[in-house]
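J.: kindly return the folded structure for what I paste below:
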Amino acid sequence: MIEQAGADALELNIYYIPTDPALTGAEVEQMYLDVVRDVKANISIPLAVKVGPFFSSFANMAMRLAKAGADGLVIFNRFYQPDFDLERLEVVPNLTLSNSHELRLPLRWVSILYGKVPVDFAITRGVHTYEDVLKGVMAGASVTMMASELLRNGVQRIGLIVQEVARWLEEHEYQSLMQARGSMSQQNVAEPAAFERANYMKVLQSWKFDPTGVLLR
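T.: Here you go, the predicted model:
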């Protein structure tokens, strides 16, 4: 029905939390793949699939989704967690808007998968500034999506961010945004292993204390 109404593409948002201890990871993955195949078999427009990161091997799952018919992957679903009301003793919904720190997870995975899995990528978590947009594209994303930033500061932010992206590209002598796409992906950076190792000691050493014990950055 959406295709017949004139849509150019479809985003399939698979939002499923497996709570049955008897349900295996393989069974959950198969459910995702079956849904994608069924939808793809019944439409002729491109299909993007929005998924969460909670797979034991996300790289493998990304490739299997592509083979099942996904033309694009939207990374990642943001699962909203319930909270407790201690006065009424109820489980209540709780909406917390994202921030730029949440960009790190999708940024890492798009960087790793770009050029390896034959789909377009969209980043849909933690995009708030023109720097976030540029980082997403340089990781390999064709699209960066923004919601929390617009809820906080209004839709006029879109035009401002587009202007800031254009200014940055001009200052850094890029001919187009497409020229920047994938330039910071794992296959194009000087140290590709940086996306895979923990770098735990290096991260800790990046934090400094002054003689009084105050944390500096």
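J.: lowest confidence element among the helices and strands of this structure?
T.: strand 215-216 (a mean of 58; mean pLDDT, DSSP states H and E).
J.: would you map the helices across the chain?
T.: 25-41, 58-68, 104-113, 130-139, 148-153, 157-171, 177-180, 200-205 (DSSP state H).
J.: turn the ones you listed into a markdown table, including mean neighbour count and mean pLDDT.
T.: Where C-beta positions appear, they are placed from N, C-alpha and C, glycine not excepted. Shown next, in a markdown table, are these (neighbours: other C-beta atoms under 10 Å; pLDDT from 0 to 100):
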| stretch | mean neighbour count | mean pLDDT |
| --- | --- | --- |
| helix 25-41 | 15 | 97 |
| helix 58-68 | 18 | 98 |
| helix 104-113 | 22 | 96 |
| helix 130-139 | 22 | 98 |
| helix 148-153 | 15 | 96 |
| helix 157-171 | 14 | 97 |
| helix 177-180 | 14 | 94 |
| helix 200-205 | 9 | 70 |
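J.: and the ones you listed as TSV, adding distance to Glu11?
T.: What follows is these, written out as TSV (distance: least, C-beta to C-beta, whole Å):
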stretch	distance to Glu11
helix 25-41	11
helix 58-68	13
helix 104-113	15
helix 130-139	17
helix 148-153	18
helix 157-171	19
helix 177-180	21
helix 200-205	34
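J.: out of these, nearest to Asn13?
T.: For those, the distance to Asn13 is smallest for helix 25-41, at 10.7 Å, taking C-beta to C-beta.
J.: could you give the angle of the closest one to helix 58-68?
T.: Angle, helix 25-41 to helix 58-68, by axes from the mean of the first three to the mean of the last three C-alpha atoms, to 10 degrees: 30 degrees.
J.: packing partners of helix 25-41?
T.: Judged by 3 or more C-beta pairs under 8 Å, 6 or more residues apart in numbering; DSSP states H and E, the packing partners of helix 25-41 are strand 10-13, strand 47-51, helix 58-68.
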